[in-house]
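Asker: with the sequence up front, the predicted model follows.
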Amino acid sequence: MDDATSSQPNPRDLVDLTVPPSTGAYLREVWRRREFAVVVPAQDLRAQNMDTALGQLWHLVNPALLVGVYFFIFGVLLDTRRGVDNFLGFLIVGIVLFHLTQRVVQDAAVCMVRNMGLIRSIQFPRILLPMATVNGQTLAFLPALAVALLAILATGERPSLRWLLVLGVLAAVYLFNLGAALVVARIGASVRDLERLLPHLLRLLFYGSGVIFSVEAFVTSEAWRRAFALNPVYDLITCARWCLLGTGVDQSVVIGMLAWCAVLPVVGFIAFRSAERRFGS
Amino acid sequence: MTGPPADVTVRVDDVHVHYRVYEDPRAGLKQNFSQGRMRRQFSTIEAVRGVTLDLHESETLGLIGANGSGKSTLLAAMTGLLPLKSGTIRGRSRPCLLGVSSALRAALSGRRNILIGGLALGFTRAEIESRMDEIIDFAGLRNAIDRPMRTYSSGMRARLNFAIATARIPDILLIDEALAVGDEDFRVRSARRIDEVRAAAGSVVLVSHNMAEIERSCHRAAWLDNGVLRAVGEPGEVVPAYLASYSSSRSRASG
């Protein structure tokens, strides 16, 4: 089932079973078992809404309701649309992307604890668990993305070649989410308190990412604007808005996005792997 | 039963496994506070203490001992699932702990669970699909395979679990009290599959509290007592010794 069994065993040659595999062997084993991290979350997604009246439609209805509620409160009641031409489009991009990262992080925090039975009985690269979390939430996000694009068209935007660049931003979102999931899964496995703390951290991140208001219009201090550019979620949302809505984007925001999605997966991998052998105990 | 052949498949050498567990504090918060210790209490459980054991080709080893004597911990250590405090475990391949029940989803059908369980065990999707019919037939679930697993009886679930877990005959198979499931017909079939492991020059470790089963199906028995190996040898000698110590400690306790 892994390196030791796939090669023809020589009875005279006993290998040490307690030595962790090299990074190369580990990654090869992850690649060999990649289907686990796609098929299992897809099956779980199917199981989720199986006993509801709307069934799989919930994956579409949920994001539509989410956008509707925020539009009513912040667009109609409180009128935060100051400085934004297409506020509904602005809101849709922000909420749908933030919602994805939020779900990934919340799920990653508990994915090791939830799968403790599996970890204690079957030997496999544990990194497949946070990877399955990211894949599952990303799969659930695809219908929401379709709803979002249709809704943006309905607000009067017209697709241009710039829309194609959103694929690059989505790839960056995936990489960032993967890195975040690895870090959070690693911490959540040993510090159970993280689960209690996360809702508050995520709310802070929500308001600090300009999901429902324009940072350009509301934040006047230059120093604070620079601080916003360090926030990866703000960077990702702002770049996606530039692609789909043509709103302004600063160079520092693009650089921030690229740096985060290049560095965080590597940091996450190292952090996760260093704890690999402790996850079961 | 014939004696064990000479070739070693797994060598367990002076293995110690320790657990660190939270102690549920007996004293209340106020008492702890007045005593000035607010740190939570850890204690170390020495689950396996210096076990040395060889497994040989084509043998079944029965592992016996009271609850909490370290049998399951030793099995988990042999698969590489638990970090060792000290000692080494070497093998010609990685032993495989029988069972995928922790991967299965009650809401999904038996067929989808075969896919999920197989992937968890390291099969590819194509491999599982090519063995799907064989697994369904072995589990004897042809008529129930598209029903959600939560509608299965515990015997049906156990059969599905066993069928998935042994879809590929492992070289070294570890079984933790899994055989006392299913009806008589399934018991015969599962015993036959374990014979296949041995026929392919593999080894089987069987943890069981069923002493008749240990004497019937094992070449050797190992008696684990409080994390220490008390005896290894002919089941016909080790099992009576274990039972004798058990009844004498019982009579001491009651008398």
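Answerer: Ah, there it is.
Asker: state the mean pLDDT of stretch A:223-241.
Answerer: If you average the pLDDT over stretch A:223-241, you get 91.
Asker: pull out the buried positions in it.
Answerer: For stretch A:223-241, the neighbour count (16 or more other Cβ atoms under 10 Å in any protein chain shown) marks A:228-229, A:231-241 as buried. The way it works is simple: take the backbone N, C-alpha and C, and place the C-beta from them, glycine included.
Asker: send me that stretch as PDB with only the CA atoms.
Answerer: Output of stretch A:223-241 as PDB, limited to C-alpha atoms (Å, rounded to 0.1, in the frame of the first residue of the first chain):
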ATOM      1  CA  ALA A 223      -0.600  53.900   6.700                       C
ATOM      2  CA  TRP A 224      -3.800  51.900   7.200                       C
ATOM      3  CA  ARG A 225      -4.300  51.400   3.500                       C
ATOM      4  CA  ARG A 226      -0.800  49.900   3.400                       C
ATOM      5  CA  ALA A 227      -1.800  47.600   6.300                       C
ATOM      6  CA  PHE A 228      -4.800  46.400   4.300                       C
ATOM      7  CA  ALA A 229      -2.500  45.400   1.400                       C
ATOM      8  CA  LEU A 230      -0.800  43.000   3.800                       C
ATOM      9  CA  ASN A 231      -4.100  41.200   4.400                       C
ATOM     10  CA  PRO A 232      -4.200  38.300   1.900                       C
ATOM     11  CA  VAL A 233      -8.000  38.000   1.800                       C
ATOM     12  CA  TYR A 234      -8.300  41.700   1.000                       C
ATOM     13  CA  ASP A 235      -5.700  41.300  -1.800                       C
ATOM     14  CA  LEU A 236      -7.500  38.300  -3.300                       C
ATOM     15  CA  ILE A 237     -10.900  40.000  -3.200                       C
ATOM     16  CA  THR A 238      -9.600  43.300  -4.600                       C
ATOM     17  CA  CYS A 239      -7.900  41.500  -7.500                       C
ATOM     18  CA  ALA A 240     -11.000  39.500  -8.300                       C
ATOM     19  CA  ARG A 241     -13.100  42.700  -8.300                       C
END
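Asker: any idea how far the single nearest residue of chain B relative to chain A is from residue A:18?
Answerer: As assessed by Cβ to the nearest Cβ, chain A sits closest to residue B:102 within chain B, at 3.2 Å. Distance, residue B:102 to residue A:18, by Cβ to Cβ, to the nearest Å: 22 Å.
Asker: report the contact partners of residue A:146.
Answerer: residue A:60 (Cβ atoms under 8 Å, 6 or more residues apart in numbering or on different chains).
Asker: look at it and report its pLDDT.
Answerer: 89.
Asker: against chain B, how distant is it?
Answerer: Using Cβ to the nearest Cβ, to the nearest Å, residue A:146 is found at 25 Å from chain B.
Asker: show me where the stretch 51-200 of chain B has its helices.
Answerer: Secondary structure of the stretch 51-200 of chain B (DSSP state H, counting those that start in this stretch): helices located at B:71-78, B:110-120, B:125-139, B:154-165, B:184-199.
Asker: counting by contacts, list what the second one packs against.
Answerer: If contacts are counted by 3 or more Cβ pairs under 8 Å, 6 or more residues apart in numbering or on different chains; DSSP states H and E, helix B:110-120 sits against helix A:36-48, helix B:125-139, helix B:154-165.
Asker: most tightly surrounded among those helices?
Answerer: helix B:154-165 (a mean of 22; mean count of other Cβ atoms under 10 Å in any protein chain shown).
Asker: low-scoring pLDDT stretches of the stretch 51-200 of chain B, where are they?
Answerer: B:178-182 (pLDDT under 70).
Asker: assign a three-state SS to the residue in chain A that chain B sits nearest to, would you?
Answerer: Nearest to chain B, among the residues of chain A, is residue A:117, at 3.2 Å (Cβ to the nearest Cβ). Following DSSP: H, G, I helix; E, B strand; the rest coil, residue A:117 is assigned to helix.
Asker: give me the number of residues near it?
Answerer: 12 (other Cβ atoms under 10 Å in any protein chain shown).
Asker: with residue A:165 instead?
Answerer: Residues near residue A:165, counting by other Cβ under 10 Å: 15.
Asker: and the spatially most central residue of chain B, what are its bridge partners?
Answerer: In chain B, the centroid-proximal residue (Cα atoms, centre = their mean) is residue B:176; its distance is 2.4 Å. Beta-bridge partners recorded for residue B:176 (DSSP bridges): residue B:207.
Asker: identify the residue nearest the residue of chain B closest to chain A in space, chain neighbours excluded?
Answerer: residue A:117 (3.2 Å; Cβ to Cβ, 6 or more residues apart in numbering or on different chains).
Asker: can you tell me how far the residue nearest to the centre of chain B sits from residue B:165?
Answerer: 11 Å.
Asker: which neighbours do the two share?
Answerer: By Cβ under 8 Å, 6+ apart, the residues touching both residue B:176 and residue B:165 are B:98-99.
Asker: how about the helices in the stretch 101-250 of chain A?
Answerer: With helices called from DSSP H, counting those that start in this stretch, the stretch 101-250 of chain A shows them at A:116-121, A:128-154, A:166-190, A:194-207, A:215-218, A:222-229, A:232-245.
Asker: right, so these: which one is the most enclosed?
Answerer: helix A:232-245 (a mean of 24).
Asker: other SSEs contacting that one?
Answerer: helix A:87-114, helix A:128-154, helix A:166-190, helix A:251-274.
Asker: recalculate using a threshold of 7 Å.
Answerer: Helix A:232-245 sits against helix A:87-114, helix A:166-190, helix A:251-274, with contacts defined as 3 or more Cβ pairs under 7 Å, 6 or more residues apart in numbering or on different chains; DSSP states H and E.
Asker: starting at the chain centroid, how far to that helix?
Answerer: From the chain centre to the centre of helix A:232-245 is a distance of 15 Å (Cα atoms, centre = their mean, to the nearest Å).
Asker: orientation of it relative to helix A:194-207 in degrees?
Answerer: Note on geometry: by axes from the mean of the first three to the mean of the last three Cα atoms, to 10 degrees, helix A:232-245 and helix A:194-207 are set 40 degrees apart in direction.
Asker: quick one on the thing from earlier: for residue A:182, state which of the buried residues of stretch A:223-241 is nearest.
Answerer: Among these, residue A:232 lies closest to residue A:182 (Cβ to Cβ), at 14.3 Å.
Asker: excluding its backbone neighbours, what's nearest that closest one?
Answerer: Residue A:232 sits nearest to residue A:260 (Cβ to Cβ, 6+ apart), 3.8 Å away.
Asker: re the thing from before, my read: the residue nearest to residue B:102 touches residue B:103, true?
Answerer: No - assessed by Cβ atoms under 7 Å, residue A:117 is found out of contact with residue B:103, at 8.2 Å.
Asker: okay, and for the stretch 101-250 of chain A, where does confidence drop off?
Answerer: Checking the stretch 101-250 of chain A against pLDDT under 70 turns up nothing.
Asker: write out the residues of it neighbouring chain B.
Answerer: Counting by Cβ under 7 Å from any Cβ of the partner chain, the stretch 101-250 of chain A comes close to chain B at A:117-118, A:120-124.
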